[in-house]
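In: task: produce atomic coordinates for the following.
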Amino acid sequence: MTPATRALLMKVSTATLCTALFKRGLRNQFIQGVLPLNPDLPNMVGEAFTLRYMPAREDRNPIGVFQNRDHPQRVAVEQCPVGAVLVIDSRKDARAASAGGILVARLMQRGVAGVVTDGGFRDSPDIAQYSMPAYHARPSAPTNLTLHEAIEINGPIGCGDAPVFPGDVVVGDAEGVIVIPAHLADEVAAEATEMTVFEDFVQEQVLGGRSIIGLYPPSDEQARTDFATWRAAQGR
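Out: Predicted coordinates:
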């Protein structure tokens, strides 16, 4: 992902990106069931670095496994690249935490762009105060070992029913998280930016009392003319 594309994606919504991907036949890129712990933060944008959990088997997951320096959860936290988003496949099971405040703090201090799980975080009140975006299904106090075994780093995963491949571009806003296939990121970012300008115009017109008929989508010549005039005046 280029710096220019990252900058564009910081300013568009997941809703607009969903539409841009739908135009390309992609219907299942929005991660279902996750919300931001702090919806007031700027957009989260980064390339996906993944961690996959499987159901824990009790004899493999006593509390002592965290002493192992090669434990995949710990390794993922230390290896997730600066500017990337750690995406965790927790099988949509929030009965035990995917991670907690200390690990998320470590990601933040290392310069990671954000973290997403289709499970839950423990220490969620602390994480909600961090400056790094974090998304989960709901708070979950039990340690991840209760139900999850971290088994694979940076392979293809499913997160909230969305396919995620390492290097895909992950964007989060106050509504949720979408995954853009890496090869589409530049063109989708550019199209979504143009869509956003037009949608801002439409929103202003509708709030001013204008009908959506002929305006959205712009089938009337007058709507297109009005948009061109508005855009020039806005310098956009």
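
In: for the rest of this, base every contact and every neighbour count on C-alpha atoms.
Out: Will do.

In: just want the phi and psi numbers for the residue nearest to Pro55 when sequence neighbours are not counted.
Out: Nearest residue to Pro55, sequence neighbours excluded (C-alpha to C-alpha, 6 or more residues apart in numbering): His148, at 5.0 Å. With angles defined as degrees, to the nearest 10, His148 sits at phi -120, psi 140.

In: His148 and Asp220, how far apart?
Out: Distance from His148 to Asp220, counting by C-alpha to C-alpha, to the nearest Å: 55 Å.

In: any buried residues in stretch 217-230, and which?
Out: Neighbour-count burial for stretch 217-230, with 16 or more other C-alpha atoms under 10 Å as criterion, is recorded at 218, 223-224, 227.

In: apologies, that question was intended for stretch 205-216.
Out: For stretch 205-216, a neighbour-count test (16+ other C-alpha under 10 Å) marks 205, 215 as buried.

In: quick one: end-to-end distance for it.
Out: For stretch 205-216, the end-to-end distance is 10 Å (C-alpha to C-alpha).

In: one more: stretch 122-131?
Out: 17 Å.

In: SS state for Phe227?
Out: helix (DSSP: H, G, I helix; E, B strand; the rest coil).

In: repeat that for Arg74.
Out: Assignment for Arg74 (three-state DSSP): helix.

In: burial measure for it, as a count.
Out: Using other C-alpha atoms under 10 Å, the number of residues around Arg74 comes to 16.

In: likewise the one 5 residues further on?
Out: Number of residues near Gln79 (other C-alpha under 10 Å) recorded here: 15.

In: from the chain's centre, how far out does stretch 41-60 sit?
Out: For stretch 41-60, the separation from the chain centroid amounts to 12 Å (computed by C-alpha atoms, centre = their mean, to the nearest Å).

In: I misspoke; the intended subject was stretch 160-177.
Out: Using C-alpha atoms, centre = their mean, the offset of stretch 160-177 from its chain centre is 4 Å.

In: what of stretch 27-46?
Out: With C-alpha atoms, centre = their mean, you get 4 Å for stretch 27-46.

In: my guess is Gln129 is in a helix, correct?
Out: No. Counting by three-state DSSP, Gln129 is not part of a helix but coil.

In: about what we covered before: TSV for the buried residues of stretch 217-230, including distance to Gly83?
Out: Shown next, in TSV, are those (distance: C-alpha to C-alpha, whole Å):
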residue	distance to Gly83
Pro218	38
Ala223	40
Arg224	39
Phe227	36
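
In: chain neighbours aside, what residue packs nearest to Ala182?
Out: Closest to Ala182 by C-alpha to C-alpha, 6+ apart is Asp168, at 4.4 Å.

In: looks like that neighbour contacts Asp186 (just checking).
Out: No. Applying C-alpha atoms under 8 Å, one finds Asp168 not in contact with Asp186, separated by 11.6 Å.

In: SS state for Lys11?
Out: What three-state DSSP gives for Lys11 is coil.

In: ok, it - contacts?
Out: Going by C-alpha atoms under 8 Å, 6 or more residues apart in numbering, Lys11 touches 43, 193.

In: how close does it get to Val87?
Out: Lys11 is 21 Å from Val87, by C-alpha to C-alpha.

In: output the lowest mean pLDDT helix or strand found in this structure.
Out: When each helix and strand of the chain is scored by mean pLDDT, DSSP states H and E, helix 221-234 comes last, with a mean of 92.

In: so how far is that one off the chain centroid?
Out: For helix 221-234, the separation from the chain centroid amounts to 33 Å (computed by C-alpha atoms, centre = their mean).

In: on that earlier part again, in contact with the residue nearest to Ala182, which residues?
Out: 47-48, 179-182.

In: buried subset of those, written for ChimeraX?
Out: To isolate the buried members of the contacts of Asp168 in ChimeraX, using 16+ other C-alpha under 10 Å:
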select :47,48,179,180,181,182
